Each structure stands twice: as structure tokens, then as C-alpha cells.
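# what follows is a predicted structure for the sequence shown.
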Protein chains: 2
Amino acid sequence: MGPFCAPALRAPALPRRRYNPLSMKIHTLTIVGVGLIGGSIGLAAKKRGLARRVLGVGRNKDSLERAKNLGAIDAWFFDLIPAVHDAELVVFCTPVDQIADQVQAAAPACANGALLTDAGSTKGQIIKAIEGRLPAGVVFVGSHPLAGSEKRGPEHAEADLFQDRLTVISPTARTDPAAIERIKSFWQALGSRVRLMSPEDHDRALALTSHLPHLVACALAGILPPELAELTASGFRDTTRIAAGDPGLWKAICEHNRDAILVALSLLTDHLDQFRHVLEAGDWSQLDSLLIQSKKVRDALGS
Amino acid sequence: MGPFCAPALRAPALPRRRYNPLSMKIHTLTIVGVGLIGGSIGLAAKKRGLARRVLGVGRNKDSLERAKNLGAIDAWFFDLIPAVHDAELVVFCTPVDQIADQVQAAAPACANGALLTDAGSTKGQIIKAIEGRLPAGVVFVGSHPLAGSEKRGPEHAEADLFQDRLTVISPTARTDPAAIERIKSFWQALGSRVRLMSPEDHDRALALTSHLPHLVACALAGILPPELAELTASGFRDTTRIAAGDPGLWKAICEHNRDAILVALSLLTDHLDQFRHVLEAGDWSQLDSLLIQSKKVRDALGS
């Protein structure tokens, strides 16, 4: 029996007063997966006085202990069920291919009124697998905070990771509007800006802004012969930095969002073809135009 | 008449004792193009007591004044000729498409025994244009310090920019071995490691490690629709950072190194095709292998 398979015991309903979005104060916040993102949520919630108690769920004792010592969580569990029993809010920060199963395993043990969300980099498949399958009184609203790095583990967590970053919240036509408001308040309380996008729009956008750059960084790193490593400088290192991300996490993201990633990849290879034609033709004024246009886009993003 | 066209007056020969590589101490170091790289050379040479006097040559008075105020140069000139007259070492830190012309304009005004080098990102075309065309007693040895960033101007110069970085020195079969030793000593005195590579090997390597990443970053930035800018996070920003580099500089680099860049671009698009096939086939274990291999390469590079 795995750590997430303990028998589900339905908790009593939570008092309704706690859910006023204008005075969000969470009695028990449970974080499933206490790595860089989960740990940062714990640190941020505690720093901002948002949660009275933060519980962590994970598989690795050393990592959970580190998270506790860093102050990201107050206590930890291997088992999902006891950790979510009293939780008003449960945030799943596990790999995207685990979230839907864990949400469905946790929901029957959650109190009436409990709100569940996630921090996964894909939304469509997760929400499709969950929607309509939770017990009455337990609501899931998908989220994706656009923050993080190629690093892993609670030791890289930061209390201000979400400050002024964007969190996408992905409701569907069936999502309870009050739950959307509560999730918005939660991320805003952590310092984040929020934007609502459908799961499909989210996945199409992130294919281009996150999943494609990952594959490009990997492709670039992948063609570097070892003997040329010494001849790389900050340009190569910046451009390939995210290739150091966890292969397992990214494989799962690619599985979830394959179609949108393939569309984004075609867009890129078409544009690279344009660069190639211009180089072959020696059309330097056209190359200059392409470089100027790219610089304009990049300058607008800031550092 | 441009600033580099003043009449050439041959300076007297420099005393030979100054050229002992074991006790490199330069009386007059002239830096042509005092931006991020040129300014950093000036700061590094002064900080390390390597040069008694550092002269700067440029076209922009404000920028030259800034470099002087920052301590990167002691005095500046619009004209190349008076600035190189007494120089033992002249370093050309101008765009790659200007270096060969400037070296040829400066050389007749240089003292017998003067050593000329550059910091250009390409080597083949520059060296081809210069070799065999300098007056006797004046030697050019091409260099390329692998340091810098997408930023420009002496205000971004750093005295430790070259510390523990690699500088490629590109001699040819005709280059005087004593001159190679002097150039090695110079870059080493600035804190750099050095490696000798033929101009052709340098250009092939840098096409892959520097010029290709630049085009890839530009292509990625170039396909970002403005409405998705808000949905970029550190991954996209890291991967596209160098797209903010100066288009004119990069256009010139691409012109100089077109053939090698096209080869590198084919390598990349072939590898991206591999990723595409694997995604289309849903071959997740093969995707995992590709991601693992890329991570291994990137991890080996360090941060």
C-alpha cells in the first residue's frame, strides 16, 4: 500500500465563517509535495500570517524534515488522508502526472467546504480527470503560479517567490464562482497577481512560453560536444539553464500538453527556417530586421 | 574624414626590455572601443597594475567620459593615430566588421615592436583580412575573451570580468611565437585562462556555443505574441536573455561566420526534429532519455 492509500475518513464540515475572501485566514493549509514550490507556499503563508498551521505531505523524510526546519511546514505526513482531514485548503505541488490521482484520493477525506488547488504546469488533463468526480462539498480549482526554477527541493524555497509573479487560475464553466474568488484571494495573499484563463488557453500559452523553451534549451544542450564545453560562456549557459530541470517532471508535462507543444515547436522551427534562409541568401538587412524585432520583444520583458 | 583617418606618423621603436612576458608591465595600453569589454580590460589592467597608462579610442564623447570617470581609461581620443603612437599593446574591442580596417589604419602609426590584438567574436575573416598586410615590426594576434553579456557600455564594465574565464588566442602558422607568448601573458595577467585555437576551429566552435544560441534566443523571442508576454517566467527569460544583444553586432558576427552558423543550425534543427518525432510518437521513454542526456550536459557546465 503506497503512502497515499490510507482509508478515507470523512472529516466534519468546516465552519463557514472561515471562507470570507476578504479576511482570508486559513486554520490548516496542507501542501502536498513540499519542494521548491510547495516549500515556498508554506514559507509565504507563514511569513504573511495567512495560515495558522501548515502541514506537508511527501515521500522523502529527509526532505520533509528540511522543510520543517526551514519553517515551511509545521508537521509532515507520509499519508495524504490524515494530512487533509482538517485542511481548509490543500495545494498539490506534485508532478503533473500525479496531481489528479492524489486529488481524487484526498477529496473523500476532506471536510465539507474544503478547497483544493494545485501548482501544476499543465491544466487541461488534470482538470478533465478531476471535474465531476469529487464528493459534494469539496471543490477543486486549478492554479499555476508562474514561478520557480530548474532547482528542486525545499532548500531552494523562498517566502517571496510569488511576489509580483502571475498565477493563472483555470476555472471551467462548472467551477463554483465563490471557489474561484477564494483561490484568487489565496494567491493574492501570497503576493501574486492572478489571471483567469481556461485550461485550454493556459495550456496553449504555456506550451509557447514555458514548455517549448524547455525543449529548445534541451536540444541546444544536447548537441554540445563535451570538448566544446570549455568554450561556452554566459550566453550558452543562460540559454540552456532550464535544461537542468528534472527530466521526469518535464516528460510528464510533455505528455500532458503534447499537441500544444507540437504546434509551438512548428512555430519555432518555421522561424528558425526564416533565419536560415536569410543567412543562406546573405540578406543582411533582413537579418538585421529579424534581430531588431527579437530584441524589441525581449527588451519589453525586462530582466 | 572619419575619426580613424588622421595621417599616420610612424612612432619610434619601443625599448625591447618591455616585452619580457615574465614581467609584463605595459607602459601604454590603448583600447579601441571602450564599451563593456574594452572598459573591463581597462579596469582589469589598472586594478592589477598591468598598465601604467590606458588610453581609450571611441566615437562617443559621453561614453568615453564615463569610461574615464569609472577609471577604465586615463585619457581618450576620437582619433586612432595619436592614441596608438606610444602604445605597446593595442586591443581592438569594436564590432567584428570594423576590426580589420581599424587594425590596418592603426598599424602604420604604431611603434616598432607594438603588439595588436582584438576581442572579436569571430576570428577567421578578421585574421584573413589582416595577415601579411601589416608593416614590419607590428604584429597582430587575434584573441576572443569568452566573457560579456547582452549589455553595452563602459557602465557595465567589471574589473573581474575575465577572472577565471577563457580567452581563445588564434594564431596562424605565420604568427610570431614570441607575440603569442606576450598575448597569452596579457590575458593571463587579467585573470583569464587561455587556449590556443586556429581561427577556423575557433569559428566552428563558437558558431555552436555562442552564435547559434543567439539566433535560437532571437527566434524564440520572435515568436512570442505580445499578449503572452505576461505568461513568461524565468525559463523563457533565461532562454531568450541574449536576444536583447545589439542587433548590429550580431548581424556582423553572422556575416563573418555564416557557414559555420548554418552547420550548427542544421545540427540543432535535426535534434529538434528528434524531439518532435518522439512527441508525435508518444515515445515517452525515449523523450526521457533525451531529457536526461541534455540535463547531464547542462549540469556539467555549472551555473
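Cool, the structure landed. Numbers count the residues shown, from 1 in each chain, chains lettered A, B, ... in the order given.
# and A:L116, backbone torsions?
phi -120, psi 140 (degrees, to the nearest 10).
# A:S285 now?
phi -70, psi -30.
# export the one helix or strand A:K251 maps to as PDB, just CAs?
With elements taken from DSSP states H and E, the one containing A:K251 is helix A:247-256. Presented in PDB, the C-alpha positions along helix A:247-256 are these (Å, rounded to 0.1, in the frame of the first residue of the first chain):
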ATOM      1  CA  PRO A 247      13.600  15.100 -16.700                       C
ATOM      2  CA  GLY A 248      10.800  13.200 -15.100                       C
ATOM      3  CA  LEU A 249       8.800  16.400 -14.400                       C
ATOM      4  CA  TRP A 250       9.300  17.600 -17.900                       C
ATOM      5  CA  LYS A 251       8.400  14.300 -19.500                       C
ATOM      6  CA  ALA A 252       5.100  14.400 -17.700                       C
ATOM      7  CA  ILE A 253       4.500  18.000 -18.800                       C
ATOM      8  CA  CYS A 254       5.200  17.000 -22.400                       C
ATOM      9  CA  GLU A 255       2.800  14.000 -22.100                       C
ATOM     10  CA  HIS A 256       0.100  16.200 -20.800                       C
END
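# which residues touch that helix?
A:95-97, A:121-122, A:124-126, A:203, A:211, A:214-215, A:218, A:261, B:279, B:282, B:284, B:287-288, B:291-292, B:295 (C-beta atoms under 8 Å, 6 or more residues apart in numbering or on different chains). For every residue, glycine as well, the C-beta is placed using N, CA and C.
# could you list which of those belong to helices?
By the criterion of DSSP state H, membership of the contacts of helix A:247-256 in helices covers A:96-97, A:124-126, A:203, A:214-215, A:218, A:261, B:279, B:284, B:287-288, B:291-292, B:295.
# show me what contacts the residue lying closest to A:L212 once chain neighbours are set aside?
The shortest distance from A:L212 to any non-neighbouring residue, by C-beta to C-beta, 6 or more residues apart in numbering or on different chains, is to A:A264 (4.2 Å). By C-beta under 8 Å, 6+ apart, the residues touching A:A264 are A:A207, A:L208, A:H211, A:L212, B:I223.
# measure A:A264 to A:A300 for me?
According to C-beta to C-beta, to the nearest Å, A:A264 and A:A300 sit 20 Å apart.
# what's the burial count for A:D164?
A:D164: 9 surrounding residues under other C-beta atoms under 10 Å in any protein chain shown.
# got it, and the one 3 residues further on?
Using other C-beta under 10 Å as the criterion, A:T167 is surrounded by 23 other residues.
# ok, A:P145 to A:R66 distance?
From A:P145 to A:R66 the distance is 21 Å (C-beta to C-beta).
# what is the burial count for the closest residue in space to A:A87 that isn't next to it in sequence?
Spatial nearest neighbour of A:A87, excluding adjacent residues (C-beta to C-beta, 6+ apart): A:T30 at 4.0 Å. When neighbours are defined as other C-beta under 10 Å, A:T30 has 30 of them.
# so when I look at A:T30, I'm seeing a strand, right?
Yes - under DSSP: H, G, I helix; E, B strand; the rest coil, A:T30 sits within a strand.
# who touches it in this structure?
A:V54, A:L55, A:G56, A:V57, A:A83, A:V84, A:A87, A:L89, A:V90, A:V91.
# what do you get for A:L268?
With C-beta under 8 Å, 6+ apart, A:L268 has these contacts: A:L212, A:V216, B:A219, B:L220, B:I223, B:L272.
# A:F275 now?
Counting by C-beta under 8 Å, 6+ apart, A:F275 has contacts A:L287, A:L290, B:L215, B:C218, B:A219, B:L265.
# assign it to helix, strand or coil.
helix.
# so where do the helices sit in chain A?
With DSSP H as the criterion, chain A has helices spanning A:36-47, A:61-69, A:80-84, A:96-106, A:124-130, A:177-189, A:199-206, A:212-222, A:234-240, A:247-256, A:258-281, A:284-301.
# highest mean neighbour count out of those helices?
helix A:212-222 (a mean of 27; mean count of other C-beta atoms under 10 Å in any protein chain shown).
# what angle separates it from helix A:199-206?
40 degrees (axes from the mean of the first three to the mean of the last three C-alpha atoms, to 10 degrees).
# helix A:212-222 - contacts with which helices or strands?
helix A:234-240, helix A:247-256, helix A:258-281, helix B:212-222, helix B:234-240, helix B:258-281, helix B:284-301 (3 or more C-beta pairs under 8 Å, 6 or more residues apart in numbering or on different chains; DSSP states H and E).
# which other residues reach the first one?
So that's helix A:234-240. A:217-218, A:220-221, A:224, B:147-150, B:209-210, B:213-214, B:216-217, B:238-242, B:294, B:297-298, B:301-303.
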